[in-house]
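Q: sequence first, predicted coordinates after that:
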Amino acid sequence: MFYLSTRNEKIRKTPAEAILQGIARDGGLYMPESFEALKFPMDKLASMSAKEISAKVLELFFGDSSMFPESEDKNSAFNALVERAYGSKFAEGDDYAPLSAVDGAYVMELYHGPTCAFKDVALQILPHLIVEAKRSTKLEDEIVILTATSGDTGGAALSGFSDIDGIKIIVFYPKNGTSTVQERQMVSCEGKNTCVCAVVGNFDDAQSGVKKIFAELALPEGVQLSSANSINIGRLAPQVAYYFKTYSNLLNMNKIKMGDKVNFIVPTGNFGDILAGLFAKKMGLPVGKLVCASNENKVLTEFFESGTYNKNRAFHVTKSPSMDILISSNLERLLYIVCGAEKCAAYMKDLNTKGEYTITSEELAEIRELIDAGYADDKASYETIKSVYEKDAYLMDTHTAVAWNVYERWLAESKNEDTCVVLSTASAYKFASSVMNALDKDFDGEFDAVNKLNAYTGVKIPYGLDGIESRKVIHKTVLEKGEMLDFVGKMIAKKTW
Ligand SMILES: *Cc1c(COP(=O)(O)O)cnc(C)c1O
């Protein structure tokens, strides 16, 4: 299996190379050459554990001679990798995606990992894939991961990469741009190979600072930079597993028969989570519709309606900040599937130069067969949190509430009768002050909101946030945007941190 750039199919890499490189030299994203070789053994699905499903998915994507070259039995090699990565880090034991029945539908809870956001599912695995890709290709270089975060990626990446040999990680976050809980999760990270810095400014300042470092920093021999963002195929593939696991749960609960279609409603930002659902469908999972749910930054909703993607618009800071995005990087992979590399490259060029592009009506029609879309603003998502809690005693965070709100309206309009699963991407405790506001409850600061939310609902505080308030602040660096490049240069020159 080779991986091709979405912008030029002549760029072909082995799985190990694609994982190590992250993004192709031409700026494209890596895609499997064909999905034919990636068919999942559906007849075995119902009897497989969550970890076995993950290992099978990883084996299908990456199990060629470039990974574990010495190993005849790739399946057991990937099973061991998943065990190393996940161990017992998901509070629901073996299952990283337990289902809850809510009002005739299901919620897939992806937030039971160490940092209480769905990004844990992939970011606990990615470091181990990178380590294996390094070992398999005999790469001696040290890898330094640089990441700018608006909150969730930083925590999940730090947790995943913490104390992994041969890799270091530096995370930049906007000083006043994350929630207090998210900030404390990051700055209390104990890993000896981790470094966390606040940047004076907003997320874009941190992000453009990181891009500048990638472009301009002169690296010493033996060091490579890489990123933990969802453009890496090694971060996308682990997410495919939870779509299969959910289908298997529904089979085992006798809620569906093999072959029945299931719809998935996904709170979307960078388009990585929902794209994994499309990959699952191409690998043989009976997926009905994928519904893309956005917040007020509804650039995707408009794209799926009109065929025009236009990032030239006001940026809204919302109560579902992990979905506040104007450039959804992974949409490029969908364009590649539907339009091919040449047109995909042309559209991406338009996006870079003009900030917009328009696909043809045939292309839009093909996409609409796969994906529906909708959006919900803060007011609507707050109403959803309150009404679902009061009616069904089910507590959801602001991101999940965006998806639930879109789901209810989509269902009324489409009258679709297949089973529906709404993906829940964060614990309500991670956005406790917003959730308390939605429930019309008083509190004094974010940590107090966590405790009062617990007192009011009785919902258990997830282990990833337990005692968050008293975790020791280890990382205290605050930088001006202009200081980031120098700082990284100095950190890389230091042997130990
Ligand atoms: C990252 C994130 C999302 C968006 O996922 P994408 O893969 O970027 O579309 C949604 N909700 C939460 C809580 C997140 O952390």
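A: Sure thing, it's come through.

Q: quick one: buried residues of the lowest-mean-pLDDT helix or strand in the chain?
A: In the chain, no helix or strand scores lower on mean pLDDT, DSSP states H and E than helix 203-216, which sits at a mean of 87. Buried residues in helix 203-216, defined by neighbour count with 16 or more other Cβ atoms under 10 Å: 203, 205-207, 209-210, 213. The way it works is simple: take the backbone N, C-alpha and C, and place the C-beta from them, glycine included.

Q: swap in stretch 460-469?
A: Of the residues in stretch 460-469, 461-462, 464-465, 468 count as buried by neighbour count, 16+ other Cβ under 10 Å.

Q: and that stretch, what's its mean pLDDT?
A: The pLDDT scores in stretch 460-469 average 91.

Q: how far off centre is that stretch?
A: Distance of stretch 460-469 from the chain centroid (Cα atoms, centre = their mean, to the nearest Å) equals 21 Å.

Q: count of neighbours near residue 417?
A: Using other Cβ atoms under 10 Å, residue 417 is surrounded by 10 other residues.

Q: again, but for residue 411
A: The tally of other residues near residue 411 (other Cβ under 10 Å) stands at 17.

Q: wait, it touches residue 418, no?
A: No - between residue 411 and residue 418 there is no contact under Cβ atoms under 8 Å: 10.4 Å.

Q: for the least confident helix or strand of the chain, name the packing helices and strands.
A: Counting contacts by 3 or more Cβ pairs under 8 Å, 6 or more residues apart in numbering; DSSP states H and E, helix 203-216 is packed against strand 142-148, strand 167-174, strand 194-200, helix 484-493.

Q: between the second one and strand 194-200, how big is the angle?
A: Strand 167-174 runs at 20 degrees relative to strand 194-200, counting by axes from the mean of the first three to the mean of the last three Cα atoms, to 10 degrees.

Q: mean confidence (pLDDT) on the helix or strand just after strand 167-174, please.
A: Scanning forward in sequence from strand 167-174 by DSSP states H and E, the next helix or strand is helix 180-187. Mean pLDDT, helix 180-187: 93.

Q: and helix 180-187, what other elements does it pack with?
A: Packing contacts for helix 180-187, counted by 3+ Cβ pairs under 8 Å, 6+ apart, involve helix 152-161, strand 167-174, strand 194-200, helix 446-457.

Q: let's have the ones you listed in a markdown table, adding distance to residue 432.
A: What follows is those, written out as a markdown table (distance: least, Cβ to Cβ, whole Å):
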| stretch | distance to residue 432 |
| --- | --- |
| helix 152-161 | 14 |
| strand 167-174 | 19 |
| strand 194-200 | 21 |
| helix 446-457 | 4 |
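
Q: format the ones you listed as TSV; extra columns: mean neighbour count and mean pLDDT.
A: Conversion of the helices and strands packed on helix 180-187 to TSV gives the following (neighbours: other Cβ atoms under 10 Å; pLDDT from 0 to 100):
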stretch	mean neighbour count	mean pLDDT
helix 152-161	28	95
strand 167-174	24	96
strand 194-200	22	97
helix 446-457	18	96
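
Q: just to revisit the earlier point, for the least confident helix or strand of the chain, give me every contacting residue.
A: Helix 203-216 has contacts (Cβ atoms under 8 Å, 6 or more residues apart in numbering) with 146-150, 172-174, 177, 199, 225, 227, 324, 481, 484-485, 488.

Q: next, the angle from that helix to strand 194-200.
A: On the basis of the same axes, to 10 degrees, helix 203-216 is oriented at 120 degrees to strand 194-200.

Q: how about helix 203-216 and the ligand, touching?
A: No - against the ligand, helix 203-216 shows no contacts by Cβ under 6 Å from any ligand atom, the least distance being 12.7 Å.

Q: next structured bit after that helix?
A: Beyond helix 203-216 on the C-terminal side, the first helix or strand identified by DSSP H and E is strand 223-226.

Q: show me how far the next helix or strand after that next one is from its chain's centre.
A: Downstream of strand 223-226, the next assigned helix or strand under DSSP H and E is helix 233-252. Its chain's C-alpha centre and that of helix 233-252 lie 13 Å apart, by Cα atoms, centre = their mean.

Q: buried ones in helix 233-252?
A: Using 16+ other Cβ under 10 Å as the test for burial, helix 233-252 gives 233-251.

Q: next: stretch 404-418.
A: 404-408, 410-411.

Q: cool, stretch 46-59 as well?
A: Under the neighbour-count criterion of 16+ other Cβ under 10 Å, stretch 46-59 has 48, 50-59 buried.

Q: and of those residues, the nearest to residue 331?
A: The closest of those to residue 331 turns out to be residue 57 (Cβ to Cβ; 21.9 Å).

Q: what's the nearest residue to the closest one if we skip its chain neighbours?
A: Nearest non-adjacent residue to residue 57, counting by Cβ to Cβ, 6 or more residues apart in numbering: residue 241, 4.6 Å away.

Q: hmm, residue 53 and the one you found touching each other?
A: Yes - here residue 241 reaches residue 53: they are 5.0 Å apart, a contact under Cβ under 8 Å.

Q: ends of stretch 326-346, what's the gap?
A: End-to-end distance for stretch 326-346, by Cα to Cα, to the nearest Å: 19 Å.

Q: could you do stretch 279-293 as well?
A: 18 Å.

Q: any idea of the mean pLDDT for that stretch?
A: 98.

Q: residues in the protein within reach of the ligand, list them.
A: Counting by Cβ under 6 Å from any ligand atom, the residues of the chain close to the ligand are 117, 119, 152, 230, 267-273, 322-323, 399, 425-426.

Q: for those residues, which one is nearest residue 305?
A: In terms of Cβ to Cβ, no member of those lies closer to residue 305 than residue 268, at 14.6 Å.

Q: give the contact list for that closest one.
A: By Cβ under 8 Å, 6+ apart, the contact set of residue 268 is 274, 292-294, 300, 323, 328.

Q: circling back to that earlier point, from the buried residues of stretch 46-59, which land in helices?
A: Mapping these onto helices (DSSP state H) picks out 50-59.
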